[in-house]
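Asker: my questions concern the predicted model and sequence given below.
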Amino acid sequence: ELIIRYQNTNPLLLRPISAENNNYFGANFRADLPKTNDKINKTNAVLLMDISLSSNPDKFNIWLKTAEALLENNRDVIENFTVLFFNIESFWWKNELVANTSANCRKLLNFANNLTIEGATDLGLALEKASKINNLPKTLFLLSDASITWGEKDAYTISKKLNPNDRIFAFKTGLEETDNQLLEHLTRESGGAVFTISGEDEIAEVSQAFRGEAWEILDIQLDNTQDLLIQGRPRFIYPNQKLYLSGRGNPLINKPLQIKLKQGNLIKTLEVFFEQALS
């Protein structure tokens with residue numbers, strides 16, 4: 001066993017020893033972006049948690065930890081909450097909004113840990129039910145891969161079920177069977193965003209990403225490379241998010257990675273120089 005330790009590993013570039021363009025490279029870095037003002041209004045939250053068969057144990061565990069982080073890390077913003085569980089059917093944990101306290105969060109987790117993951121996914125029914133819990137503006141957090149296997153499947157028909165005063169924020173794991181197009185459609189129509197969770201160690205940071213305005217990825221370029229891919233295929237990124245990049249080619253140390261971003265009417269190019277390179 002050989003262990004190599006580096007004190008500073010951000011950003012770090014792993015590149016092939018030879019100069020052939022068909023070799024692969026990898027890199028990790030954090031998005032050094034300005035943080036927008038997160039003094040948002042207090043809100044009521046409805047968490048929509050997918051308990052269908054597609055939320056296999058791996059996804060469901062991430063949904064549970066994300067739900068806990070959302071409530072615990074945003075108590076100053078999320079005053080009240082409830083949870084709608086759904087598969088082919090939909091049912092409330094509490095058919096009313098309850099105070100966002102540690103005690104209620106523990107009660108929710110205890111309840112959820114006794115559920116059975118089974119059945120098909122009817123997302124349209126869940127969104128319709130969630131939009132009707134009250135007429136006050138609220139924030140919906142969608143914890144699902146949005147892979148519909150039952151009920152309405154047309155994206156525009158589903159988005160019309162939403163309360164126009166509600167915003168949806170969705171989270172995706174990068175695991176298979178995720179309907180990225182539907183997640184992006186629903187969040188775009190409601191003025192929300194989709195955030196990527198590449199690993200459980202990122203949940204804490206991602207849980208507060210909705211407080212500031214996200215940056216949309218328009219383009220990504222790196223000289224002497226091709227087939228660039230960011231893990232989880234995120235469309236939106238947030239300040240200080242940890243990103244994993246891979247592709248083919250042999251990046252040049254003196255040429256930065258350039259990511260073209262958009263936030264509202266603002267266009268910005270994020271440049272990342274890889275000061276360390278391991279062959």
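Answerer: Good, I have the coordinates.
Asker: which element follows the helix or strand in which Gly124 is found toward the C-terminus?
Answerer: If you go by DSSP states H and E, Gly124 is part of helix 123-131. Using DSSP H and E, the helix or strand that directly follows helix 123-131 along the chain is strand 138-143.
Asker: paired strands for that following strand, with orientation please.
Answerer: strand 43-50 (parallel), strand 167-172 (parallel) (DSSP bridges).
Asker: mean confidence score for the helix or strand just after the longest one?
Answerer: Past strand 43-50, further along toward the C-terminus, the next helix or strand under DSSP H and E is helix 57-73. What helix 57-73 shows for mean pLDDT is 90.
Asker: what's the answer for stretch 76-92, then?
Answerer: Rounded mean pLDDT across stretch 76-92 is 92.
Asker: how far off centre is that stretch?
Answerer: Relative to its chain's centre, stretch 76-92 lies at 18 Å (C-alpha atoms, centre = their mean, to the nearest Å).
Asker: in it, what's buried?
Answerer: Val77, Ile78, Asn80, Phe81, Thr82, Val83, Leu84, Phe85, Phe86, Asn87, Ser90 (16 or more other C-beta atoms under 10 Å). (Each C-beta comes from the backbone N, C-alpha and C, glycine too.)
Asker: what's the most distant pair in those?
Answerer: Greatest spacing in the buried residues of stretch 76-92, by C-beta to C-beta: Val77 and Asn87 (29.2 Å).
Asker: any weak-confidence spans in the protein?
Answerer: 6-10, 19-21, 36-40, 135, 174-176 (pLDDT under 70).
Asker: can you tell me the SS state at the closest residue to Lys132 other than its chain neighbours?
Answerer: Leaving aside its sequence neighbours, Lys132 sits nearest to Asn163 (C-beta to C-beta, 6 or more residues apart in numbering; 7.6 Å). With DSSP: H, G, I helix; E, B strand; the rest coil as the basis, Asn163 sits in coil.
Asker: turn the buried residues of stretch 76-92 into JSON lines, including secondary structure and distance to Ser54.
Answerer: Listed next are the buried residues of stretch 76-92 as JSON lines, based on DSSP: H, G, I helix; E, B strand; the rest coil; distance: C-beta to C-beta, whole Å:
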{"residue": "Val77", "secondary structure": "coil", "distance to Ser54": "30"}
{"residue": "Ile78", "secondary structure": "strand", "distance to Ser54": "27"}
{"residue": "Asn80", "secondary structure": "strand", "distance to Ser54": "29"}
{"residue": "Phe81", "secondary structure": "strand", "distance to Ser54": "24"}
{"residue": "Thr82", "secondary structure": "strand", "distance to Ser54": "23"}
{"residue": "Val83", "secondary structure": "strand", "distance to Ser54": "18"}
{"residue": "Leu84", "secondary structure": "strand", "distance to Ser54": "17"}
{"residue": "Phe85", "secondary structure": "strand", "distance to Ser54": "14"}
{"residue": "Phe86", "secondary structure": "strand", "distance to Ser54": "12"}
{"residue": "Asn87", "secondary structure": "coil", "distance to Ser54": "9"}
{"residue": "Ser90", "secondary structure": "strand", "distance to Ser54": "16"}
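Asker: list the contacts for the closest residue in space to Gln276 that isn't next to it in sequence?
Answerer: In this structure, Gln276 finds its nearest non-sequential neighbour in Leu12, 5.1 Å apart by C-beta to C-beta, 6+ apart. Residues near Leu12 by C-beta atoms under 8 Å, 6 or more residues apart in numbering: Tyr6, Ala27, Asn28, Phe29, Phe274, Gln276, Leu278.
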